[in-house]
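Predicted structure and sequence below. I'll ask about it afterward.
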Amino acid sequence: MRASPAPAPPEATALEFHDLTVAYHTKPVLWDVDLSVPSGHLVAVVGPNGAGKSTLLKSALGLVPLSSGYVRVFGQAYDDVRTRVAYVPQRESVDWDFPASVFDVVLMGRYGRRGWFRRPDAGDRRTAREALERVGMAEYADRQISRLSGGQQQRTFLARALAQDADLYMMDEPFAGVDAVTERAIIALLRELRDRGRTVVCVHHDLQTVREYFDWVVLLNMRLVAAGPVDEAFLTEKLQATYGGRLGILETAATQLLTERQGRSTK
Amino acid sequence: MNPQLTIVLVGACAAVACALPGTFLVLRGMSLLGDAISHAVLPGIVIAFLITNSASTLPVVIGASMLGLLTVFLIEALHRTGRVKEDTSIAVVFPALFALGVLLVARYTGQKDLDQECVLYGEIAFAPDNTIVLLGHEISQPLVVLAGVAVLNLVLILALFKELKIATFDAPLAAALGLSPVLVHYLLMGTVSVTTVACFESIGAILVVAFLIVPAATAHLLTDRLGVMLGLACTIGAVSSTGGYYLARALDGSIAGCMAATMGAAFGVAWLLAPREGIVARALRSRRRKEQFARALVLERLGRSQASHGELVAGLRWPEDRVREILAALTTAELARTDGDAFSITPAGHDFVQQVVGS
């Protein structure tokens, strides 16, 4: 699929989940998930609402208590590789009326490297400005974040993740509520990251674009249903198993059609 | 020191000390937690008072801070069980602790130098009489305490500015970056506890929430930068408390009450007149936009073909006078031109439509 193979990263495995179970109150959200995600891929995490997709990302970032099992990031505990991981939460998870400019928010991506008490320096500001340029938002640097469109908000979050300059990017629905132009711009950036050997893991909702955008996929519905290269794991019967009765007839038909078309075009 | 000046300074120091953590309470949507803490620290004060048998500052502050943090912890613990919502949790926890405090005060009133009136309402007018000797000068104790707390809060917020900012805006990212938002939260709540206790004597448990929240909420209407908001909140608080003092003298009323009322009035003015978020600015903006849309709608029709006044009235189904008014405005602005009865669009008119519809 790729024009040139990515430079081999130091670790072959970006993320490992070992017998991971997570519960909120008494209800399990993730059940006994055993999964290894190789590095250098653009990975979609797919599944119905409430399947535990966001929780899977959060469990790797130490944001939710684990009932059992453990997670390794680049073979280590998350706390030891923090600065190599960037996180983009769902856009609706923050208050966009917060008194901050676009640049302020992007600069937050550098806070982790500074640690407690120390202010971001000139180098951090430069990195933040470059990240804004890469997402095409340089001219909005001074704008109050509440005066952005949905797509611009998402680009701001993406720039913040780029400013973290990480090896692994964890993104919760980066395409939710963005316009088509922004979606294309975001996917181009994510591909660029992958081609430079970075790993990108996205919670993704649009089954129609999985084949086009991603090269690796995780199908999740509380339990792990399938995981692997898109050609091997993103199959109709696996999708049926993931979505159960909830995958509509139309979606099934569309996916099948897409599968066939993709099959033909790659031949 | 001149007693009037002392009272003004005590009020200003209290306002600044409160506005700094108050800004973050407002931004975190936790204004009522400030109210809860300011009441729930009461048993801490009384217990410290009973143990040490004196009203010395340090044990009282320690006792109050512990109760403040306990309040926050209990509210969260109760909420986390998933059986009650957060506002209910607040309303269950803090009156229970406050009631305990009131019981303790009532039980020991008379024996000790502490009474309910004083705790609930405070009395800033006594501030000049309550003095200590500091560096050879006799100086008002509440002034020393509140100035100290204001400086302490300023130092804390400057030192943890970036941590407070990210923990408030995006707590999950803060946690992922290793800048524990939980620790920041408890530090902030500890600060609120200490600050409210320091204000008790002068302002009381009830009105301190006005000092915490109202200037910060006013500043939020006036700016969209965090640093500016903090500075504005302090300034508005200090100016309102000073204004409130002179209002109280003119009315011969409660000083703390007038200070809080002045803060409320300042909020009201900002709510009406803030340059961008104010009600008046919004109304004007919405009227201007409506007018622009009307002109663009007429121009767009003229862009398709030139038309007379009558044809436009028939097409748009707007009142005749309204269409005449718009056409007059358009011709004056040279967005449209008239040739006898027929109106047609100018190149500037095309640009105008582009600009209105495109934006």
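Arrived safely.

For chain B, which residue gets nearest to chain A?
residue B:177 (3.3 Å; CB to the nearest CB). From N, CA and C alone the C-beta is placed, and that goes for glycine too.

For the closest residue to that residue other than its chain neighbours, give its distance to residue B:179.
The spatially closest residue to residue B:177, leaving aside those adjacent along the chain, is residue A:112, at 3.3 Å (CB to CB, 6 or more residues apart in numbering or on different chains). Using CB to CB, to the nearest Å, residue A:112 is found at 7 Å from residue B:179.

Also residue A:26?
31 Å.

ok, these two, which is more surrounded?
residue B:179 (24 against 6; other CB atoms under 10 Å in any protein chain shown).

residues touching the more buried one, list them.
A:111, A:112, A:115, A:116, B:162, B:163, B:166, B:167 (CB atoms under 8 Å, 6 or more residues apart in numbering or on different chains).

By pLDDT, give me the weakest of the residues you listed.
Within those, residue A:115 has the lowest pLDDT, namely 89.

hmm, back to that, just the closest of the contacts of residue B:179 to residue A:226, please.
residue A:112 (33.2 Å; CB to CB).

tell me the contacts of that closest one?
A:82, A:83, A:164, B:176, B:177, B:178, B:179.

So how do I select the buried members of those residues in ChimeraX?
In ChimeraX, this line selects whichever of these come out buried by 16 or more other CB atoms under 10 Å in any protein chain shown:
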select /A:82,164 /B:176,177,179
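
In helices, which of the contacts of residue A:112 fall?
Counting by DSSP state H, the part of the contacts of residue A:112 found in helices is residue B:176.

Residue B:38: which of the contacts of residue A:112 is nearest?
Closest to residue B:38, out of all of these and judged by CB to CB, is residue B:179, at 27.5 Å.

where does chain A dip in pLDDT?
Along chain A, the model assigns pLDDT under 70 to residues A:1-10, A:245-267.

what ranges do the helices span in it?
Remark: helices assigned in chain A by DSSP H are A:53-60, A:78-81, A:102-107, A:111-114, A:122-134, A:150-163, A:180-195, A:210-213, A:230-233, A:236-243, A:249-266.

what number of residues lie near residue B:180?
16.

What of the one 4 residues further on?
For residue B:184, the tally of surrounding residues (other CB under 10 Å) stands at 21.

Excluding chain neighbours, give the residue nearest to it in space.
Using CB to CB, 6+ apart and skipping residues adjacent in sequence, the residue nearest residue B:184 is residue B:167, 4.1 Å away.

My read is that that neighbour contacts residue B:174, right?
Yes - the pair residue B:167 / residue B:174 is scored as a contact, 4.5 Å apart, by CB atoms under 8 Å.

could I have stretch B:158-178 exported to PDB, CA atoms only?
Extracted as PDB, the C-alpha positions of stretch B:158-178 are listed here (Å, rounded to 0.1, in the frame of the first residue of the first chain):
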ATOM      1  CA  LEU B 158       2.100  32.000  39.400                       C
ATOM      2  CA  ALA B 159       4.100  28.900  40.200                       C
ATOM      3  CA  LEU B 160       1.400  26.500  39.000                       C
ATOM      4  CA  PHE B 161      -0.100  28.600  36.300                       C
ATOM      5  CA  LYS B 162       0.500  26.100  33.500                       C
ATOM      6  CA  GLU B 163      -0.600  23.200  35.700                       C
ATOM      7  CA  LEU B 164      -3.900  25.000  36.700                       C
ATOM      8  CA  LYS B 165      -4.500  26.000  33.100                       C
ATOM      9  CA  ILE B 166      -4.200  22.500  31.600                       C
ATOM     10  CA  ALA B 167      -5.900  20.700  34.500                       C
ATOM     11  CA  THR B 168      -8.900  23.100  34.100                       C
ATOM     12  CA  PHE B 169      -9.100  23.000  30.300                       C
ATOM     13  CA  ASP B 170      -8.300  19.400  29.600                       C
ATOM     14  CA  ALA B 171      -7.900  17.200  32.700                       C
ATOM     15  CA  PRO B 172      -7.400  13.900  30.800                       C
ATOM     16  CA  LEU B 173      -4.500  15.300  28.800                       C
ATOM     17  CA  ALA B 174      -3.000  16.800  32.000                       C
ATOM     18  CA  ALA B 175      -3.200  13.300  33.600                       C
ATOM     19  CA  ALA B 176      -1.700  11.700  30.500                       C
ATOM     20  CA  LEU B 177       1.200  14.200  30.600                       C
ATOM     21  CA  GLY B 178       1.900  13.400  34.200                       C
END
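
So what touches it?
Residues contacting stretch B:158-178 (CB under 8 Å, 6+ apart): A:58, A:61-63, A:79, A:82, A:85, A:87, A:89, A:93-95, A:98, A:100, A:104-105, A:108, A:111-112, A:114-117, A:119-120, B:24, B:27-28, B:157, B:179-182, B:184-185, B:187-188, B:226-227.

Quick check on those residues: which are buried?
Using 16+ other CB under 10 Å, the buried members of those are A:58, A:61-63, A:82, A:85, A:87, A:89, A:94, A:98, A:100, A:104-105, A:108, A:111-112, A:114, A:120, B:24, B:27-28, B:157, B:179-181, B:184-185, B:187-188, B:226.

If you count neighbours, what's buried in the one helix or strand the residue nearest to residue B:184 maps to?
For residue B:167, the host element (DSSP states H and E) is helix B:161-169. Residues B:162, B:163, B:164, B:165, B:166, B:167, B:168, B:169 are the ones in helix B:161-169 that count as buried (16+ other CB under 10 Å).

Great, nothing more from me.
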